[in-house]
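J.: Mind folding the following:
(one chain, ligands or ions: 1)
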Amino acid sequence: MIEINDLTKSYGNKLALQHLTLKIESGKIFGFLGHNGAGKSTTIKNLVSIIQPTSGSIIVDGLDLAEHRQEIKQKIAYVPDTPDIFLQLTAMEYWDLLAAAYDLAESDVQARRHKLVELFNMSERVDETMASFSHGMRQKAVLIGALLTDPDIWILDEPMQGLDPQAAYDLKQLMKAHAEKGKTVIFSTHNLDTAQQLCDELAILKTGQLIYNGSVQDLLAQHNGESLEDIYLQMAGRQGDSHLVDDIEGDSHE
Ligand SMILES: Nc1ncnc2c1ncn2[C@@H]1O[C@H](COP(=O)(O)OP(=O)(O)OP(=O)(O)O)[C@@H](O)[C@H]1O
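T.: Okay, here's the model as predicted:
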């Protein structure tokens, strides 16, 4: 169980997250939705302790993150919102670096790495540099690195970004299987179909504030027959009936 209590984060004068309070249970897939700049990555970076909150606290399995940072970080797999990291390393060197950071021997990670590399169709490319990879291949390399140590808590910031349909499908299956084992899966996405397919629980953020927290089923039930896209746009979208598209494209579009 992860408890976020009254979490606020400012970057200088910019208030990115305001008084966020919610609980994330183990055994469920928890999704963060919100427009660009809504505060999803800020929340996630606080959860993985890359940045510190301005105020508020995060409690992981009863332990305060501020006081037990190293212990909790060992339990977390984190996929950042950009895979453009360690570009000068080969994929294998990058994974070796991560294993060393977690103080793991080659024998500890070899079998799982091999399976992940096979799954994500990277076997032929492991000795090539991250710089030489396409965006989706970098994303796969970062995912493999994050999942190498099989940590309990997965925190994935837009993990399907750039993945081909097969890899996206496989990742979704891995996320479901991890949650079914009673573990924690947290991710952010802009893809509402993915959110509807995967999430047990949702948090929708709008300009740093929580505007919905609850199950996808409850949200759909509250809006009789509407799609998640329609509901999301009503809640988080542009207010009022704007004619901006017509202003830009004229009246000729369908
Ligand atoms: N390092 C930073 N310095 C200053 N402002 C920041 C910084 N990081 C984020 N912000 C601001 O905080 C707000 C929330 O940003 P955040 O990255 O959390 O949004 P997001 O929901 O992840 O957006 P996106 O969907 O575009 O990734 C935005 O207004 C953003 O400009």
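J.: where does this structure come near the ligand, residue by residue?
T.: 11, 14, 16, 34, 36, 37, 38, 39, 40, 41, 42, 81 (Cβ under 6 Å from any ligand atom). Heads up, the C-betas are built off the backbone N, CA and C, glycines and all.
J.: Tell me how far the fourth one lies from residue 200.
T.: Put plainly, it is residue 34. Distance of residue 34 to residue 200, computed by Cβ to Cβ, to the nearest Å: 18 Å.
J.: cool, the third one as well?
T.: Residue 16 sits at a distance of 26 Å from residue 200 (criterion: Cβ to Cβ).
J.: now swap in residue 110 and tell me
T.: Counting by Cβ to Cβ, the gap from residue 110 to residue 200 is 33 Å.
J.: same thing with residue 161?
T.: 22 Å.
J.: now the helices: where do they sit in the stretch 101-250 of the chain?
T.: 106-119, 135-147, 165-180, 192-198, 216-222, 228-236, 244-249 (DSSP state H, counting those that start in this stretch).
J.: buried residues in the fourth one?
T.: Spelled out, that is helix 192-198. For helix 192-198, burial by neighbour count (16 or more other Cβ atoms under 10 Å) applies to 192, 194, 195, 196, 198.
J.: do the third one as well
T.: Buried residues in helix 165-180, counting neighbours by 16+ other Cβ under 10 Å, are found at 167, 168, 170, 171, 172, 174, 175, 178, 179.
J.: For that helix, name the packing helices and strands.
T.: The elements that helix 165-180 packs onto, with contact taken as 3 or more Cβ pairs under 8 Å, 6 or more residues apart in numbering; DSSP states H and E, are strand 29-34, helix 135-147, strand 153-157, strand 184-188, helix 192-198.
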